[in-house]
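Enquirer: Take this sequence and fold it.
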Amino acid sequence: MGIGGLQNAIGFKLDTWHNDYFAPTANVPGAQVSPNDSNGFGWDTYPSSPQFGAFVTTAERTVNTNKGQPVDRWWATTDASTAKSLNANDLDGQFHDFVVSYDGSSKELTVTYTEHDGNTLSWTKSVSSAHQAMSMIVSASTGGAKNLQQFKIKSFDFKQAATVNVKYVDTKGNQLAQAQAAYPNGPLVGNTYSTDQLSIPGYTFVAMDDGSITGTKSLNTTGTLSKPGDNGTVVYVYTQTLGSVTLNKTDGDTGKALSGAVFDLYKQDGTKIKSGLITDVNGQINVNNLEPGDYYFVETAAPAGYELNESKLNFTVELQTTTKVATVSATNAQKIGSVVLNKTDSDTGKALSGAVFDLYEKDGTKLASGLTTDAKGQIQVNDLKPGDYYFVETAAPAGYELNDSKLPFTVELQTTTKVATVSATNAEKTGSVVLNKTDSDTGKALSGAVFDLYKADGTKVSSDLTTDTKGQIQVNDLKPGDYYFVETAAPAGY
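Expert: Residues are numbered from 1 along each chain as shown. Sure thing, here's the model as predicted:
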């Protein structure tokens, strides 16, 4: 008789088939395993005899699944000490006498079975006084086989107890746990019963069933037994404890937190739950009140200056047996920029081809070498991440002095497309400088910008130098050496 899953049950079985131990395949409490899923529930090993009779009991145990995960079960175990072998000749397709007798005063359960040759086998077991209300179930099973099993009841005499059932279900009516009602003075009409609210990992009690969950309104948690037999059911309703997730958005290179990224949130089946979620100043999005399950984020807008990352960001909100916050990490790559270096004659402004440069990151890491100005006096370098860089001239055009000073520039975050520009000149015997002032977005020449000119040691050479209609300032008759401009007034509107 299959009693696995019943609480504190005592059974007896006549069995003609040996089963080895089978570890559960379902990683959930036994109360949540389907009654039809015997593999999911698992079973204990049987005595070695192919056919036998023995008592079986259930006890609450923690067993391991086939993957080693601990799960709770009301586990049925055959009492090997009571096992008695049956005569193989009894497998003859005939009825055999089988008597179950229970004495409520002595609490003694006796089973007798008459073999085909007239020999009678007997089994006796004392039942604990904790078992006040008892019910009898008779069943037959062929497992995966198809042979016919039959039984017939000749007589059945009993005194009916008064009982209540207890259920613990979720908001969809699925069973979550098991317990029994208590009968302080026995399960008799006029006596009282009581039940307890359970603490179920991952779930929170919400209410007693008003009939909307199981179809029948719950009895009170305590009360009086009013009639023999089934007095009804106490139904406790629980909801899954909700979880949360935190998404962390960072720069893929630097790890800097990125605000302003926009995401939508979906269930694993593609159902959109939330949209327009935006990372805060800490680069985070926090979403609460999520049922346990699988989800994913999708980025719909990247932070300014970054490439969109449209890949699914999967995560799982686990059953909240303890408080667990799911975390998701997401990165963006900065949009790349470019730079144009213009090489000119410092006196005439003529474009100079053939000047050779190396390109470095600010920290001195060389990125490119042997970059040579073309017929327009230009070098263009693309695919540069935002940051600080510098050029160093390694070979001057023929007939010109080498200018090996660093030519720093910055590739800005590409919130809009911006090309960095660097102006470089070479001097002949006499020196001069031309400053080209342009709009950083359009390249338009800017007049009216005012500059002071200094030697490298800080000595002021000229002041109030103003860009003309071509956006230029030209200073002649300069001795070879290092100088720098400082802008003292910007063009109107800049």
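Enquirer: can you give me the strands for the stretch 251-400 of the chain?
Expert: 262-267, 272-278, 284-290, 293-301, 313-317, 325-332, 337-345, 356-361, 366-372, 378-384, 387-395 (DSSP state E, counting those that start in this stretch).
Enquirer: got any ranges where the stretch 51-200 of the chain has weak pLDDT?
Expert: Scanning the stretch 51-200 of the chain for pLDDT under 70 picks out 105, 130-135, 140-148.
Enquirer: roughly how far apart are T459 and D468?
Expert: 25 Å (C-beta to C-beta, to the nearest Å). Any C-beta I mention is one placed from the backbone N, CA and C, and that applies to glycine too.
Enquirer: So which of the strands of the stretch 251-400 of the chain is nearest T216?
Expert: Nearest to T216 among those is strand 293-301 (29.1 Å), distances taken as C-beta to C-beta.
Enquirer: strands paired with that closest one, and their directions?
Expert: Using DSSP bridges, strand 293-301 pairs in its sheet with strand 262-267 (antiparallel), strand 313-317 (antiparallel).
Enquirer: Quick check: buried residues in it?
Expert: Y295, Y296, F297, V298, E299 (16 or more other C-beta atoms under 10 Å).
Enquirer: bridging residues for the last one?
Expert: I take that to be E299. Going by DSSP bridges, E299 forms beta bridges with F263.
Enquirer: where along the stretch 1-150 of the chain do the strands fall?
Expert: Going by DSSP E, counting those that start in this stretch, the stretch 1-150 of the chain shows strands at 10-15, 52-64, 70-78, 84-85, 98-103, 108-114, 120-126.
Enquirer: CA atoms only: put stretch 78-85 into PDB for me.
Expert: Output of stretch 78-85 as PDB, limited to C-alpha atoms (Å, rounded to 0.1, in the frame of the first residue of the first chain):
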ATOM      1  CA  THR A  78       9.200  -1.000   5.300                       C
ATOM      2  CA  ASP A  79       9.700  -2.500   8.700                       C
ATOM      3  CA  ALA A  80      12.100  -5.300   7.700                       C
ATOM      4  CA  SER A  81      11.800  -6.900  11.200                       C
ATOM      5  CA  THR A  82       8.100  -7.600  10.400                       C
ATOM      6  CA  ALA A  83       8.600  -8.900   6.900                       C
ATOM      7  CA  LYS A  84       7.500 -12.500   6.200                       C
ATOM      8  CA  SER A  85       7.900 -14.300   2.900                       C
END
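Enquirer: May I see the buried residues of that stretch?
Expert: So for stretch 78-85, counting by 16+ other C-beta under 10 Å, buried means T78, D79, T82, A83.
Enquirer: Adding distance to K154 as columns, could you present the strands of the stretch 1-150 of the chain in CSV?
Expert: Output for those, formatted as CSV (distance: least, C-beta to C-beta, whole Å):
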stretch, distance to K154
strand 10-15, 17
strand 52-64, 19
strand 70-78, 27
strand 84-85, 23
strand 98-103, 9
strand 108-114, 13
strand 120-126, 16
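Enquirer: What is the end-to-end distance of stretch 460-473?
Expert: 16 Å (C-alpha to C-alpha, to the nearest Å).
Enquirer: Hmm, S329 and F315 touching each other?
Expert: No: F315 lies out of contact with S329 (C-beta atoms under 8 Å); the separation is 9.8 Å.
Enquirer: does D15 really touch S48, like I thought?
Expert: No: counting by C-beta under 8 Å, D15 stays clear of S48, with 11.9 Å between them.
Enquirer: Which of these two has more residues huddled nearby?
Expert: D15 (20 against 10; other C-beta atoms under 10 Å).
Enquirer: Surely W43 is in contact with T77?
Expert: No: the criterion here is C-beta under 8 Å, and W43 misses it with T77 at 9.6 Å.
Enquirer: Comparing these two, which residue is more hemmed in?
Expert: Each of W43 and T77 has its neighbours counted (other C-beta under 10 Å); W43 has more, 20 against 15.
Enquirer: Quickly list what the more buried one is bridged to.
Expert: Bridge pairing for W43 - DSSP bridges - gives F22.
Enquirer: For V28, see how far away it is.
Expert: 17 Å.
Enquirer: Deepest-packed of the strands paired with strand 293-301, please.
Expert: strand 262-267 (a mean of 18; mean count of other C-beta atoms under 10 Å).
Enquirer: residues in contact with the closest residue to G202 other than its chain neighbours?
Expert: Leaving out its chain neighbours, the residue that sits closest to G202 by C-beta to C-beta, 6 or more residues apart in numbering is L319, at 3.9 Å. By C-beta atoms under 8 Å, 6 or more residues apart in numbering, the contact list for L319 reads P201, G202, Q240, T241, P292.
Enquirer: And the residues you listed, which is closest to Q180?
Expert: Taking the contacts of L319 together and measuring to Q180 by C-beta to C-beta, the closest member is P201, at 20.0 Å.
Enquirer: give me the number of residues near that closest one?
Expert: 13.
Enquirer: right, and it touches T321 too?
Expert: Yes: when contacts are counted by C-beta under 8 Å, P201 is listed as touching T321 (3.9 Å).
Enquirer: out of the buried residues of strand 293-301, who's nearest S369?
Expert: Closest to S369, out of all of the buried residues of strand 293-301 and judged by C-beta to C-beta, is E299, at 37.5 Å.
Enquirer: any idea how far the closest one is from T16?
Expert: When distance is defined by C-beta to C-beta, E299 is 63 Å away from T16.
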